[in-house]
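> Kindly generate the corresponding structure for this input.
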Amino acid sequence: MTEVGIVGLPQSGKSSLLAALTGTHMPHSGAPGEVHRGVIPIPDERVERLSEIFKPKKTTHATIQFTDLVGAHGPLKKGELFTPAQIGHLRDMDLLVLVIRLFTSDAVAHPLNRISPGEDLSLFLGECLLADLAVAEKRLERIEGDLRKGGAGKKKDDLEVEKAGLLAIKHAIEEERPVLSVELTPQQRAMYRGFGFLTGKKIILVVNSGDLNSTEETERLAALKQESEGWNRKCAAWGLPEPFAVNARLELELREMVGGENLEGEEALEYFHEVGLESSSRKEMIRHAYASLGLVSFLTAGEDEVRAWTIPRDCPAPAAAGVIHSDLEKGFIRAEVVGYDDFIRAGSLAECRKHGTLRLEGKDYIVKDGDILNIRFSV
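Numbering: from 1, shown residues only. Coordinates of the predicted model:
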């Protein structure tokens, strides 16, 4: 399952955002590093339509897991934004959602006693760089020790390869460039996969607003965009996207008032429009997450179940089959494939066969978003 980490400074509204996304009340406090998780089914009209046609015993949407990590308490100092427990969890995330505070509240103090989104962004990125530098330097020390012991043959060669990549990573970080900017060999990428470098992950920027119609918040948002653009100019590999706005507190209140299924209704939309937002955050968050991670969904349909499955873009058919079950990938023979739109136009798989839109594809076939698959395999 795709896991997205919700991160940011204390009192930025991370817990409120997770609660708004999932419709589940989350604790607003806890020990530093404590984990709060929520799983969100991904809305997909294609799944609903196929379910109407096949009338299966079970209908299953693809899901994304969002994880909120309780941060350090009290005033912050450089190097203290993340606890060791937090860093350990963040390294396992597929994507980071950085929540940056735009709203003003006398009841909820900012941990640095100021509201400055641009400074918050720079503080966060700086902390990520420091955390990654510590990992690289620690591993380099161990490699140097192993090399001094005279590692021989292939092991020594592997250590030299690993060392070269880590030195390039260390140099990039010292220039405030992310690990994403470093050109690594496939072998080095495999070596570092378990390190979970924070600056090797994509980041989504979310501003938690109070009222975007106010001049104050508009100016703060403009300052954040300027700071984000500055980091991107410094190194394009940061790839920081245009921040999008939410109002986590309002959304949570509306969920209680009108129900989660009605957040796209006229009444709820009026409340969002009053504070300068178009709609609720869930669809926008999912869209950004899928785009950042390069994900698509394929479908399986039958009398037992209609289901959506999440895969990386440009995924070959055997790997897609493996998402369903590892045996399907190991014993993959062919895939019966029809595009969703072709199926809906034809009305049935039998009609798709007549029109030639249901076809057999081999191991080299790249699965497309909305493909309906039936895997042929041997055990």
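> Which of the helices or strands spans T218?
helix 215-234 (DSSP states H and E).
> Can you give me the buried ones in that helix?
For helix 215-234, the neighbour count (16 or more other Cβ atoms under 10 Å) marks 217, 220-221, 224-225, 227-228, 231 as buried. Bear in mind the C-beta positions are built from the backbone N, C-alpha and C, glycine included.
> same deal with stretch 87-95?
Here stretch 87-95 shows 87, 89-91, 93-95 as buried, counting by 16+ other Cβ under 10 Å.
> again with stretch 303-313
306-311.
> for the helix or strand following the helix holding T218, packing partners?
Remark: after helix 215-234, the chain's next helix or strand is strand 244-246, criterion DSSP H and E. Packing contacts for strand 244-246, counted by 3 or more Cβ pairs under 8 Å, 6 or more residues apart in numbering; DSSP states H and E, involve strand 203-208, helix 282-293.
> make it 7 Å
Strand 244-246 makes packing contacts with strand 203-208 when contacts are defined by 3 or more Cβ pairs under 7 Å, 6 or more residues apart in numbering; DSSP states H and E.
> quick check, distance from the strand it packs on to the centre of its chain.
In terms of Cα atoms, centre = their mean, to the nearest Å, the centre of strand 203-208 is set 11 Å apart from its chain centre.
> still on that earlier bit, list the contacts of the helix holding T218.
100, 102, 115, 117-118, 121-122, 125, 176, 205, 207, 209-212, 238, 240, 243 (Cβ atoms under 7 Å, 6 or more residues apart in numbering).
> which of these count as buried?
100, 102, 115, 117-118, 121-122, 125, 205, 207, 209-212, 238, 240, 243.
> How about R46, nearest residue that isn't a chain neighbour?
Y340 (5.2 Å; Cβ to Cβ, 6 or more residues apart in numbering).
> thinking again about what came up before, among the buried residues of stretch 303-313, which two are most distant?
By the measure Cβ to Cβ, V306 and I311 form the most distant pair in the buried residues of stretch 303-313, at 17.0 Å.
> can I get the buried residues of stretch 303-313 in CSV with distance to P41?
Listed next are the buried residues of stretch 303-313 as CSV, based on distance: Cβ to Cβ, whole Å:
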residue, distance to P41
V306, 13
R307, 11
A308, 9
W309, 13
T310, 12
I311, 17
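> If we only consider those residues, which is nearest to G362?
I311 (17.2 Å).
> Now do the phi/psi pair for the closest one.
phi -140, psi 160 (degrees, to the nearest 10).
> This completes my enquiry, with thanks.
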